[in-house]
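Engineer: How does the following fold in three dimensions:
(chains A, B, C and D)
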There are 2 protein chains.
Amino acid sequence: MRALTRKGAATRQRILAGAAAHIREFGVGATTLDDVLSRTATSKSQLFHYFPGGREELLLAVARYEADQVLEDQRPQLGELTSWPAWQAWRDKVVDRYRRQGRLCPLNSVTSHLGNRTPGAQAVVTELVRRWQAEIAAGVRHMQDAGEIDRDLDPDRAAAALLAGIQGGVLIQMSTGDTTHLEAALDMGIAHLRTGGPRPS
Amino acid sequence: MRALTRKGAATRQRILAGAAAHIREFGVGATTLDDVLSRTATSKSQLFHYFPGGREELLLAVARYEADQVLEDQRPQLGELTSWPAWQAWRDKVVDRYRRQGRLCPLNSVTSHLGNRTPGAQAVVTELVRRWQAEIAAGVRHMQDAGEIDRDLDPDRAAAALLAGIQGGVLIQMSTGDTTHLEAALDMGIAHLRTGGPRPS
DNA sequence: TCCGGTCTGGACTGCACGGTCCACACTAGC
DNA sequence: GCTAGTGTGGACCGTGCAGTCCAGACCGGA
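Structural biologist: Numbering: from 1, shown residues only, chains lettered A, B, ... in the order given. Have a look, this model is predicted:
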């Protein structure tokens, strides 16, 4: 099974992309294997050939794909948080990305469905959180080195808080349809970096 | 159909509670009508008698039930954000609540499954967000009146950001299993209220 | 004590959808 | 051009589960 022809790899990729697209459009619950099949002009046997674990394996692959996408869509700004304008540019990029995406969050959709049953789904999310947070924290450290952020601020904790705000903002957007909360959370998080740091109560 | 005997109301309530409990335990995907039936010692006809819309209507009722629960579980602290220790007490209550709840978030679980198909599910979440945010904002205003928070801070926007942080913190906890992000978000949000407000850059 | 309603039990239906199987086609290497 | 492996098509199967239906129990009012 490890021998994948160029043609085979292409088919596998086609199935994956088709599944991801269909899920983006209709959600996981409304996506059957037959839907994916007809959309990608493939057959059952092919799907099970490339994803022997069936539906679950396919969904997991989609989750991984979408998770990677999340970070990629923030490039290059996410890796260059070296000045306040850069932070602002990143903030705008994030807001724009999710505004475009609309109400659907494929990753959340997929992971809620695989749910806490599958350790695999948890792993995908945990890994995404870890990487995302690490990149933000790196930006914070850079600003500390540049003397722009108080050295007493814990970069990882600040990044965690900021990331939580983003996640929640997106989650709320999925229901309400507007990005107010996302923007408020990002703005507050960044403002807190500027003014912030621990202060005697 | 609007005539509900005391007995009938009790049965309806039993079904609802049973469904909610089963979902909390196993998640929506792993909850069938038959599960609910056997757990509550009722029959198909009863379920469809009280929830003519079937599964969907039942799920929506559970969502409403859980949404109310979310706010109730924060009482009385949520309504008494009138001093810094009170904010801290509320913060602890929220963290404790979600720590207890563990990885499952029944509301998110239900709404993701009903998904964006049902406008009803969206309405439930939107309404919850609205009420929650309003209560936090009221607390902020109170602190402003007491001179503890800068008057230039927009209470609604601050509440929105804080709420987003909570949501995201909980969401991340569902995958990672720990409350670090939730705590970080809450602490940052409250810290920002104390130090915060707009400040010349 | 009857009579309308509400409440209850559970057998039955229908089918959507995940998953299996087998036969055939294509490709590549020798 | 033989042959072993990979790729492909699609009929077929099993079943889990939402939803229907009807017969009968229970209950409250007159």
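Engineer: Which residue ranges make up each domain of chain A?
Structural biologist: A:6-52, A:62-195 (automatic domain parsing).
Engineer: between these, which gets nearest to DNA strand C?
Structural biologist: DNA strand C lies closest, by Cβ to the nearest atom of the strand, to one member of these: domain A:6-52, at 3.4 Å. Every C-beta, even on glycine, is put in place using the N, C-alpha and C of the backbone.
Engineer: Quick one: end-to-end distance for the closest one.
Structural biologist: Domain A:6-52 has an end-to-end distance of 19 Å (criterion: Cα to Cα, to the nearest Å).
Engineer: Just give me how far it sits from the chain centre.
Structural biologist: Averaged C-alpha coordinates place domain A:6-52 at 21 Å from its chain's average position (Cα atoms, centre = their mean, to the nearest Å).
Engineer: What does the pLDDT read for the residue nearest the centre of chain A?
Structural biologist: Nearest to the geometric centre of chain A sits A:Val70, at 3.5 Å (Cα atoms, centre = their mean). On pLDDT, A:Val70 comes in at 96.
Engineer: Against DNA strand D, how distant is the residue of chain A found nearest DNA strand C?
Structural biologist: When distances are taken as Cβ to the nearest atom of the strand, chain A reaches nearest to DNA strand C at A:Gly54, 2.5 Å away. In this view, A:Gly54 and DNA strand D are 12 Å apart by Cβ to the nearest atom of the strand, to the nearest Å.
Engineer: thinking that residue is in contact with A:Phe48, fair?
Structural biologist: Yes: between A:Gly54 and A:Phe48 there is a contact under Cβ atoms under 8 Å: 6.4 Å.
Engineer: quick one, which of those two is more surrounded?
Structural biologist: Between A:Gly54 and A:Phe48, counted using other Cβ atoms under 10 Å in any protein chain shown, the more crowded position is A:Phe48 (15 against 11).
Engineer: Please identify which helix or strand holds that one.
Structural biologist: Here A:Phe48, judged by DSSP states H and E, is contained in helix A:44-50.
Engineer: so how far is stretch A:138-158 from its chain's centroid?
Structural biologist: For stretch A:138-158, the distance to the chain centre is 24 Å (Cα atoms, centre = their mean).
Engineer: Kindly check the end-to-end length of that stretch for me.
Structural biologist: 11 Å.
Engineer: ok, now stretch A:24-32?
Structural biologist: With Cα to Cα, one end of stretch A:24-32 sits 13 Å from the other.
Engineer: buried residues in that stretch?
Structural biologist: By neighbour count with 16 or more other Cβ atoms under 10 Å in any protein chain shown, stretch A:24-32 contains the buried residues A:24, A:26-29, A:31.
Engineer: what's in contact with the helix or strand of chain A with the lowest mean pLDDT?
Structural biologist: Lowest on mean pLDDT, DSSP states H and E among the helices and strands of chain A sits helix A:106-114, with a mean of 88. With Cβ atoms under 8 Å, 6 or more residues apart in numbering or on different chains as the test, helix A:106-114 has contacts from A:20, A:23-24, A:27-29, A:56, A:59-60, A:62-63, A:66-67, A:70, A:120-122, A:124-125, A:128, A:170-171, A:174, B:29, B:108-109, B:112-113, B:115, B:171, B:175.
Engineer: Just those: which are in helices?
Structural biologist: A:20, A:23-24, A:56, A:59-60, A:62-63, A:66-67, A:70, A:120-122, A:124-125, A:128, A:170-171, A:174, B:108-109, B:112-113, B:171, B:175 (DSSP state H).
Engineer: Buried only: go through those residues for me.
Structural biologist: The neighbour-count test (16+ other Cβ under 10 Å) marks A:20, A:23-24, A:59-60, A:62-63, A:66-67, A:70, A:120-122, A:124-125, A:128, A:170-171, A:174, B:108-109, B:112-113, B:171, B:175 as buried among the ones in helices among the contacts of helix A:106-114.
Engineer: what does chain A have sitting close to DNA strand D?
Structural biologist: Proximity of chain A to DNA strand D (Cβ under 7 Å from any atom of the strand) is limited to residues A:1, A:3-5, A:7-9, A:11, A:41-46, A:49.
Engineer: Now A:Asp150: which helix or strand?
Structural biologist: Here A:Asp150 sits in a region with no helix or strand, counting by DSSP H and E.
Engineer: tally of neighbours for it?
Structural biologist: When neighbours are counted by other Cβ under 10 Å, A:Asp150 comes out with 15.
Engineer: For the closest residue to DNA strand D within chain A, what are phi and psi?
Structural biologist: Of all residues in chain A, A:Gly8 sits closest to DNA strand D, at 1.8 Å by Cβ to the nearest atom of the strand. Here is the backbone geometry of A:Gly8 (degrees, to the nearest 10): phi -60, psi -50.
Engineer: For A:Lys42, give me its contacts.
Structural biologist: If you look again at residue A:42, you'll see it is Thr, not Lys. Contacts of A:Thr42 (Cβ under 8 Å, 6+ apart): A:11, A:14-15, A:36.
Engineer: Pull out the buried members of those residues.
Structural biologist: Neighbour-count burial (16+ other Cβ under 10 Å) applied to those gives A:11, A:14-15, A:36.
Engineer: and those, which of them are in helices?
Structural biologist: Those of the buried ones among the contacts of A:Thr42 lying in helices (DSSP H): A:11, A:14-15, A:36.
Engineer: give me the number of residues near A:Arg130?
Structural biologist: A:Arg130: 11 neighbours (other Cβ under 10 Å).
Engineer: Same check on A:Leu37?
Structural biologist: 17.
Engineer: surely it meets A:Lys44?
Structural biologist: Yes: with contact defined as Cβ under 8 Å, A:Leu37 and A:Lys44 form a contacting pair (6.5 Å).
Engineer: List phi and psi for A:Lys118.
Structural biologist: If you look again at residue A:118, you'll see it is Thr, not Lys. Torsion angles at A:Thr118 (phi, psi; degrees, to the nearest 10) stand at phi -80, psi 120.
Engineer: Spit out the contact partners of the nearest residue to A:Leu162 once chain neighbours are set aside.
Structural biologist: Of all residues beyond its chain neighbours, the one nearest A:Leu162 is A:Gly189 (3.8 Å), with distances taken as Cβ to Cβ, 6 or more residues apart in numbering or on different chains. Contact analysis of A:Gly189 by Cβ under 8 Å, 6+ apart lists A:158, A:161-162, A:165, B:161, B:188.
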